[in-house]
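Sequence first, predicted coordinates after that:
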Amino acid sequence: MLGIDTGDRDGRAVVSQGNPDTAHDVAVQVPGTDNDLTNIDEQITRAGVLQKAANDNDAENTAVVSWLGYDAPEVDGSMFDTERAEPRAEDLCSFTHGLRESHQGERAHMTVLGHSYGSTMVGLAASGGGGLDADDIVAVGSPGMTVDHAKDMHINPDHVWVGGAEDDPVSTDFSGLTLGEDPMEKEFGGKVIEVDTEGHGGYWDEGSRSLRNQGRIIAGQDPSEGDYHS
């Protein structure tokens, strides 16, 4: 447990699987809509699944942090603007830069991942000031990252990875409407990873290519040849 606050609306919590101060590969997973302290156990489980996926791809030592450091929107109109992300975007930047400062030994490979509205939070934070100081950014099931182009997030666009299931209504129907350009589009400038899972919550299904690709990115590797396209 890296941090908890039960007094801020639905509550906030930052929990890590593994020690980010000593890990060779560090990932920060930002959850999206309809997440709060009542279902934080689901996010902790998701962090563990991502940690295992990275380790299965020859990562030496991985820590995955579930960063619910903001008041995520409910399934209502709050999903369609940046009001929920704006107050805590700087906190996410401070957190990732703090991980850099507290890390012991050789600089870690850091990946910041956002799911659903979590990718909106990641994009907003990454586009401000000094960015997130991440080596890779991943967005799955994204309604938009508040920017027009991957390069607007202070990172090489070749290290911005996006994925969306064919039947995920968030990325297929809502992305590009109110929260920035659709990151799945070629004009956005990122790289689209292969997704073989279904729905908005399947990206971490055991044995899936969707999960494997995320694990490879966390481990500092490109997804396997043919598993992504520009």
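Thanks, I have it. Numbering: from 1, shown residues only.

CA atoms for contacts and neighbours, from now on please.
Fine.

Which helix or which strand is home to the closest residue to residue 125 other than its chain neighbours?
In space, and not counting its chain neighbours, residue 125 is closest to residue 89: 4.6 Å by C-alpha to C-alpha, 6 or more residues apart in numbering. If you go by DSSP states H and E, residue 89 is part of helix 89-102.

gap between the residue nearest to residue 125 and residue 14?
15 Å (C-alpha to C-alpha, to the nearest Å).

if I look at the residue nearest the centre of the chain, how far off is residue 161?
Centroid-nearest residue in the chain: residue 113, 1.6 Å away (criterion: C-alpha atoms, centre = their mean). The spacing between residue 113 and residue 161, counted by C-alpha to C-alpha, is 9 Å.

Mutual contacts of the two, please.
Residues touching both residue 113 and residue 161 (C-alpha atoms under 8 Å, 6 or more residues apart in numbering) are 137-139.

what sits up against the helix holding residue 89?
By C-alpha under 8 Å, 6+ apart, helix 89-102 touches 20-21, 69, 107-108, 121-122, 124-126, 131-134.

Let's see if you can find the most crowded of those.
Within these, most neighbours by other C-alpha atoms under 10 Å means residue 122, with 30 neighbours.

Isn't residue 33 up against residue 73?
Yes - if you go by C-alpha atoms under 8 Å, residue 33 and residue 73 touch, sitting 5.0 Å apart.

out of the two, which sits in the more crowded spot?
Applying other C-alpha under 10 Å to residue 33 and residue 73 shows that residue 73 carries more neighbours, namely 23 against 17.

Distance of residue 12 relative to residue 111?
Residue 12 sits 21 Å away from residue 111, going by C-alpha to C-alpha.

out of these two, which sits in the busier spot?
Taking neighbours as other C-alpha under 10 Å, residue 12 and residue 111 compare with residue 111 leading, 26 against 21.

which residues sit in contact with that one?
So residue 111 contacts 25-28, 134-138, 217-218 (C-alpha under 8 Å, 6+ apart).

Any idea how many residues pack against residue 197?
Residue 197: 21 surrounding residues under other C-alpha under 10 Å.
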